[in-house]
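Novice: fold the following, please.
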Amino acid sequence: MTQIPQKMRYIDHGAGGAPEVLRAAEGQVPAPGPGEVLIRVAYAGVNRPDVIQRQGKYPPPPGASPFIGLEVAGEVVALGDGASKWKLGDKVCALTNGGGYAEYAVAPEGQALPVPKGLSLLQAAAIPENYFTVWTNVFERGRLAAGETFLVHGGSSGIGLTAIQLAAARGATVYTTVGNAQKAKVCLDLGASAAINYREQDFVEEIARLTDKKGVDLILDMVGGDYIGRNLKSLALDGRLVQIAFLQAPRVEVDWTTLMTRRLTFTGSTLRPRSAADKAAIADALRAQVWPLLEQGRALPVIHKVYPLAEAAAAHALMESSTHIGKIMLEVAGG
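Specialist: Numbers count the residues shown, from 1 in each chain. So this is what the prediction gives:
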């Protein structure tokens with residue numbers, strides 16, 4: 001049985017700022033609350049919300065850990081009162097409510113999932129944030145169905161590659177936008193039917209060409225800004241636009257006439273503030289619908305680079321450069 005120390009290493013972001021504010025620190029090992037599990041972390045994923053939190057623009061919701069890190073994989077080493085879904089020693093990956101950049105992290109038991117058969121702890125740690133996000137926004141909120149057309153922006157990001165693979169595996173035709181030929185090739189190899197270089201091509205014109213001017217049924221966007229109006233022009237009749245982030249400005253002037261005349265739906269969501277019950281329901285859907293694909297070796301996370309926990313600042317600098325393809329990970333205990 002794993003012995004639980006009183007102290008652990010974690011990454012502190014202090015008052016926030018540039019990547020360099022991230023530093024290794026020592027603190028108390030958290031105790032799991034009611035319905036929670038304590039996980040000895042093998043690996044943790046780095047995600048765009050982590051960067052925004054470090055910058056001081058994405059404060060954690062009430063009751064969540066003040067520290068950075070939204071996904072981990074490792075071993076269950078303690079159970080909170082009433083937690084019964086897992087037993088000590090189970091290997092899991094989990095969507096945390098914060099504090100994942102650490103040797104130990106807590107998560108509500110419903111937000112943990114078994115490591116898929118055949119996958120490593122490293123691969124499993126790259127799953128929760130992206131797959132929870134894609135499932136709830138593309139297939140639940142966006143209602144993407146087999147035979148439909150789908151455009152995902154930022155195709156070479158962790159979110160983008162997850163969306164491409166899951167949508168293609170479930171029978172949709174997938175288009176994406178990327179910034180260079182290398183990223184385009186990866187997206188095409190993983191199931192996209194076309195990869196549009198936004199530096200050289202107008203995605204509105206390309207989508208019109210690819211769909212014989214019909215437009216796509218669904219768009220997943222994390223860019224915002226002037227993409228909002230352009231996205232609306234790229235949707236088919238009764239199309240849906242799902243917004244999950246704003247890399248550009250969240251406030252823009254848009255001509256909403258297209259929304260009405262083409263009967264479009266514009267919606268969006270963020271994952272972190274949702275209730276434990278909501279997240280547990282997403283986990284259950286992933287277990288039923290996505291885990292079989294993963295255990296067949298399909299729709300796997302793409303890992304770009306792994307850093308030691310102490311080099312979290314370098315991992316964030318890489319994330320901000322947007323030169324990566326897929327996931328950036330932190331090795332904690334390894335395994």
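
Novice: mind giving me the packing neighbours of the longest helix along the chain?
Specialist: Ranked by residue count, the top helix of the chain under DSSP state H comes out as helix 276-289. Applying 3 or more Cβ pairs under 8 Å, 6 or more residues apart in numbering; DSSP states H and E, one finds that helix 276-289 contacts strand 104-108, strand 112-114, helix 128-134. Yep, even glycine has a C-beta here, placed from its N, CA and C like the rest.

Novice: now stretch 42-61: buried residues?
Specialist: Neighbour counts over stretch 42-61 (16 or more other Cβ atoms under 10 Å) mark 42-51, 53-55, 58, 60 as buried.

Novice: and Gly138, that's in a helix?
Specialist: Not quite, residue 138 is Val, not Gly. Yes - assessed by DSSP: H, G, I helix; E, B strand; the rest coil, Val138 belongs to a helix.

Novice: measure it to Gln123 for me?
Specialist: 21 Å (Cβ to Cβ, to the nearest Å).

Novice: rewinding a little: can you put the helices and strands packed on helix 276-289 in JSON lines and add distance to Val186 and mean pLDDT?
Specialist: What follows is these, written out as JSON lines (distance: least, Cβ to Cβ, whole Å; pLDDT from 0 to 100):
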{"stretch": "strand 104-108", "distance to Val186": "30", "mean pLDDT": "98"}
{"stretch": "strand 112-114", "distance to Val186": "26", "mean pLDDT": "98"}
{"stretch": "helix 128-134", "distance to Val186": "15", "mean pLDDT": "98"}
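
Novice: mean neighbour count and distance to Glu320 added to those, as JSON lines?
Specialist: Converted to JSON lines, the helices and strands packed on helix 276-289 look like this (neighbours: other Cβ atoms under 10 Å; distance: least, Cβ to Cβ, whole Å):
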{"stretch": "strand 104-108", "mean neighbour count": "27", "distance to Glu320": "23"}
{"stretch": "strand 112-114", "mean neighbour count": "20", "distance to Glu320": "29"}
{"stretch": "helix 128-134", "mean neighbour count": "27", "distance to Glu320": "17"}
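
Novice: let me have these in JSON lines, extended by distance to Gly155.
Specialist: Listed next are the helices and strands packed on helix 276-289 as JSON lines, based on distance: least, Cβ to Cβ, whole Å:
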{"stretch": "strand 104-108", "distance to Gly155": "29"}
{"stretch": "strand 112-114", "distance to Gly155": "25"}
{"stretch": "helix 128-134", "distance to Gly155": "12"}
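
Novice: closest to Lys305 out of the ones you listed?
Specialist: helix 128-134 (15.8 Å; Cβ to Cβ).

Novice: ok, back up a step: which residues are in contact with the longest helix of the chain?
Specialist: The contact list for helix 276-289 (Cβ atoms under 8 Å, 6 or more residues apart in numbering) reads 35, 95, 108, 110-114, 131-132, 135-136, 139-140, 271.

Novice: shaky segments in this protein?
Specialist: Along the chain, the parts satisfying pLDDT under 70 run over 1-2.

Novice: hmm, back to that, what residues sit buried inside the following helix or strand past the longest helix of the chain?
Specialist: Using DSSP states H and E, the next helix or strand after helix 276-289 towards the C-terminus is helix 291-295. By 16+ other Cβ under 10 Å, the buried positions in helix 291-295 come out as Trp291, Leu293, Leu294.

Novice: likewise for stretch 144-163?
Specialist: Judged by neighbour count (16+ other Cβ under 10 Å), stretch 144-163 contains these buried residues: 144, 148-163.

Novice: in helices only, show me those residues.
Specialist: Gly158, Ile159, Gly160, Leu161, Thr162, Ala163.

Novice: the fifth one and Leu294 touch, don't they?
Specialist: Okay, so that is Thr162. No - contact criterion Cβ atoms under 8 Å: Thr162 and Leu294 do not qualify, at 11.0 Å.

Novice: noted, bye for now.
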